[in-house]
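1. quick one, structure for this:
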Amino acid sequence: MKEITKETYINWYRDMLFWRKFEDKLAAVYIQQKVRGFLHLYNGQEAVLAGSLHAMDLSKDKMITAYRNHVQPIGMGEDPKRVMAELYGKATGTSHGMGGSMHIFSKEHRFYGGHGIVGGQIPLGAGIAFGDKYKGNDAVTLCYFGDGASRQGSLHETFNMAMNWKLPVVFIVENNGYAMGTSVERTANHTDIWKLGLGYEMPCGPVDGMNPIKVAEAVDEAIQRARRGEGPTFLEMKTYRYRGHSMSDAQHYRTKEEVEEYKKIDPITQVLDIIKENKYASEEDIDAINKEVKELVKECEKFAEESPYPDANLLHDMVYEQEDYPFIK
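-> Predicted coordinates for the structure are as follows:
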């Protein structure tokens, strides 16, 4: 695995803080009805992405996830201004404003969505990996989904096929404790989701999803296994979301005390503590990062606000390839 250095911790702090503040801004403009539809925020789960990116080779590896998908493409290299514009429904967005919150996409940066169908991305992730194996590419696909999606039948069909064909894919369940408002304990007879891999003799295990170091170590091992042609791995990232399932979630299923308890192990705070303990950065350096992040979020908001809405003709053009499609009046 790539060494975790002083620069790694500083970059983790900057990135995770930016992702958090970026989504805090989205929550604020959602209330102002500048962003519409559903909005699922990633607050609290940032260590899963930060650790994964450290283990990946961003020149070739790929990523696919569910609808909690705003910061992943940013981590993969997509311009955050374009991501925010997509949420605003603007023409400068990653899908020209036609995808919105749940359908961020960046072919250039090998980020394949953003999927609104629960568990729908699991077979797609295996399909992307199959394509790489078929073409002889030395690339690995990371496929993320939530604890609710782990109960879908598509997972079992995909796991069986992925093991049979030894596909270069890492399946990662981000277990934040609740499928919408239903706790993990109420969805199955077991609470250790990673054990689902045992039925397919797939290498699997639990990971501290609040610690980017633990995530990086586990994902690196899984990626190297896939690159050697040994097939998939299933990792259960035990994490937590500080906000509701979506912005419309009243969160009656959990207590404020529970949320506050998890905030004591906030991944951003954990990394910042390491930076301070090891004197990797001065207070002035940290303040400069905080200011930089604040300014970048402002730039993203300004870009999205000032961008134009897409032309109405795009509604037709992005659905129909044939210009004289015979069933359109």
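
2. what's the neighbour count on Asp57?
-> Number of residues near Asp57 (other Cβ atoms under 10 Å) recorded here: 12. Where C-beta positions appear, they are placed from N, C-alpha and C, glycine not excepted.

3. where's it, which helix or strand?
-> Asp57 is part of no helix or strand when elements are defined by DSSP states H and E.

4. list the contacts for it?
-> Contacts for Asp57 (Cβ atoms under 8 Å, 6 or more residues apart in numbering) come out as Ala139, Val140, Ile223.

5. between the residues you listed, which has the most around it?
-> Going by other Cβ under 10 Å, Val140 tops the contacts of Asp57 with 28 neighbours.

6. helix or strand: which one has Phe234?
-> strand 233-238.

7. now do the helix or strand following that strand: everything it contacts.
-> Moving toward the C-terminus from strand 233-238, the next helix or strand (DSSP H and E) is helix 256-263. Residues from elsewhere that reach helix 256-263 (Cβ under 8 Å, 6+ apart): Gly44, Met210, Tyr240, Tyr242.

8. list the buried residues for helix 256-263?
-> Residues Tyr262 are the ones in helix 256-263 that count as buried (16 or more other Cβ atoms under 10 Å).

9. can you check stretch 270-289 too?
-> Buried residues in stretch 270-289, counted by 16+ other Cβ under 10 Å: Gln270, Val271, Leu272, Ile274, Ile275, Tyr280, Ala281, Ile286, Ile289.

10. average pLDDT for that stretch, rounded please.
-> Confidence for stretch 270-289, expressed as mean pLDDT, is 98.

11. end to end, how far does it reach?
-> 16 Å (Cα to Cα, to the nearest Å).

12. for it, the distance to its chain's centre please.
-> With Cα atoms, centre = their mean, to the nearest Å as the basis, stretch 270-289 stands 25 Å off its chain's centre.

13. okay, the lowest-mean-pLDDT helix or strand in the chain in CSV with CA atoms only?
-> Least confident element among the helices and strands of the chain, by mean pLDDT, DSSP states H and E: helix 314-317 (a mean of 80). Extracted in CSV, the C-alpha atoms of helix 314-317 (Å, rounded to 0.1, in the frame of the first residue of the first chain):
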residue,chain,number,x,y,z
LEU,A,314,-32.4,18.4,-24.5
LEU,A,315,-35.3,16.5,-22.9
HIS,A,316,-35.8,15.0,-26.3
ASP,A,317,-32.2,14.8,-27.5
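
14. assign the closest residue to Met318 other than its chain neighbours to helix, strand or coil.
-> Distances taken as Cβ to Cβ, 6 or more residues apart in numbering place Met98 nearest to Met318, at 5.7 Å, with adjacent residues excluded. Secondary structure state of Met98, per DSSP: H, G, I helix; E, B strand; the rest coil, is coil.

15. wait, what's in contact with Met98?
-> Contacts of Met98 by Cβ under 8 Å, 6+ apart are Pro310, Leu314, Leu315, Met318.

16. doesn't the first one fall inside a strand?
-> No. The secondary structure assignment for Pro310 gives coil rather than a strand, going by three-state DSSP.

17. okay, now it: neighbour count?
-> 19.

18. how about Asp208?
-> Other residues close to Asp208 by other Cβ under 10 Å number 18.

19. from Leu142, how far off is Gly125?
-> 8 Å (Cβ to Cβ, to the nearest Å).

20. pull up the overlap in contacts between the two.
-> In contact with both Gly125 and Leu142: Ile64, Val169, using Cβ under 8 Å, 6+ apart.

21. picking that back up, how about the contacts of helix 256-263, which pair is most distant?
-> Distance extremes for these: the farthest pair is Met210 and Tyr242 at 11.3 Å, using Cβ to Cβ.

22. okay, these two: which has more neighbours?
-> Neighbours around Met210 and Tyr242, counted as other Cβ under 10 Å, are more numerous at Met210. The numbers are 23 against 16.
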